[in-house]
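Chemist: quick one, fold the following:
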Amino acid sequence: MGGVGKTSLAVELCHRLIALDVFADGILWYRVRQEGVAEVIRRCTIDLDIDPSINAIVDLDSRIAEFQHHLRKLDLLIVLDNADYDSDVMRPIFSLFAGIPVLITSRREFDLPGSSRVPLGDLKPEDAIALVCDLLGMNGESASLAPLGTASDVEMLCGLVSCLPIALILAAAHIRERHLPIRRYINAWRSLRNPLGLLTADRIDVKEEKLRDVRACFAIFNNDLDERARRILAYMGLWEGRDFSLTHLASVNHETIFPFPSATVADNGCM
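Modeler: Predicted structure coming up:
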């Protein structure tokens, strides 16, 4: 799922590894694209200052072998960020870095030998509330002086964005920058046809700057859906609660459960 903090967690881990000097030759942060192994090698030779003549080797298998020979001389961690493409794209890239410590962030699940998975989800309501209160300065002695809203308003805000970490941080930054009462923000969200425009911030601190705009996550996901699935997703967005059944979805879309057409929305993790 996009926006739960995969990249942010990886960044924090890398900072700690650097502070402890775990990898003598450092960490290579590689933003995955839909590209072939040859392009991956080209980009890595630049980033790692590896002999660029490797890229002139005509036979791809020989080029891969020479690249891996140089790579294994280094004591480093490879971070493959946003490895969200299908196996046809990703497996050759994974194979390229075989034998090298690799950290992968992805919305997909890959069955890789010797790997360990750390699944992430949205925050628990109490953790989401604590995060927003901290970001808005509503904790501690100054809590009673905060003009932005009440604890009930914060709880309502968290429910509005389903406790999604990046959405919470961007919403809090939007509110804080504009000194906007939380209740007014909530009303604006509910009144807008496209409320994702409210998940923006003009001045965010260094830590928040590392987080990607959650709007891109929703946009990429929406583009992968067919017309029927988009319509169902739009209906889901009108419901302010968190729980609803397949029966409810079928009803608003004038369908029946059995036989139920393509489970695209469910398969993509919307429920």
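
Chemist: name the nearest residue to N139, ignoring sequence neighbours.
Modeler: Distances taken as C-beta to C-beta, 6 or more residues apart in numbering place C133 nearest to N139, at 5.0 Å, with adjacent residues excluded. Glycine gets a C-beta too; all of them are placed from N, C-alpha and C.

Chemist: all the strands of the chain, residue numbers only.
Modeler: Using DSSP state E, the strands of the chain run over 27-31, 77-81, 102-104.

Chemist: save these as a markdown table, and put in mean neighbour count, mean pLDDT and distance to I93 too.
Modeler: Putting these into a markdown table (neighbours: other C-beta atoms under 10 Å; pLDDT from 0 to 100; distance: least, C-beta to C-beta, whole Å) gives the following:
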| stretch | mean neighbour count | mean pLDDT | distance to I93 |
| --- | --- | --- | --- |
| strand 27-31 | 17 | 89 | 9 |
| strand 77-81 | 20 | 91 | 7 |
| strand 102-104 | 19 | 91 | 10 |
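
Chemist: what's near enough to touch V89?
Modeler: By C-beta atoms under 8 Å, 6 or more residues apart in numbering, the contact list for V89 reads Q34, E35.

Chemist: quick one on the thing from earlier: among the strands of the chain, which is nearest R117?
Modeler: Nearest to R117, of all the strands of the chain, is strand 102-104, at 9.5 Å by C-beta to C-beta.

Chemist: would you map the helices across the stretch 51-200 of the chain?
Modeler: 60-71, 87-96, 125-135, 151-160, 165-178, 182-191 (DSSP state H, counting those that start in this stretch).

Chemist: related to what we said a few turns ago, ok, the residue nearest to N139 to H179 distance?
Modeler: Plainly put, C133 is 16 Å away from H179 if you go by C-beta to C-beta, to the nearest Å.

Chemist: those two: who's more crowded?
Modeler: Using other C-beta atoms under 10 Å, the more surrounded residue of C133 and H179 is C133, with 18 against 8.

Chemist: test my guess that that one contacts G149.
Modeler: No: between C133 and G149 there is no contact under C-beta atoms under 8 Å: 10.1 Å.

Chemist: for beta bridges, what are the partners of W29?
Modeler: Note on W29: beta-bridge partners V79, judged by DSSP bridges.

Chemist: check contacts around it.
Modeler: W29 neighbours (C-beta under 8 Å, 6+ apart): C14, V79, D81.

Chemist: thinking again about what came up before, just name the most buried of the helices of the stretch 51-200 of the chain.
Modeler: Most buried of these by mean neighbour count (mean count of other C-beta atoms under 10 Å) is helix 165-178; its value is a mean of 22.

Chemist: fine, thanks again, bye for now.
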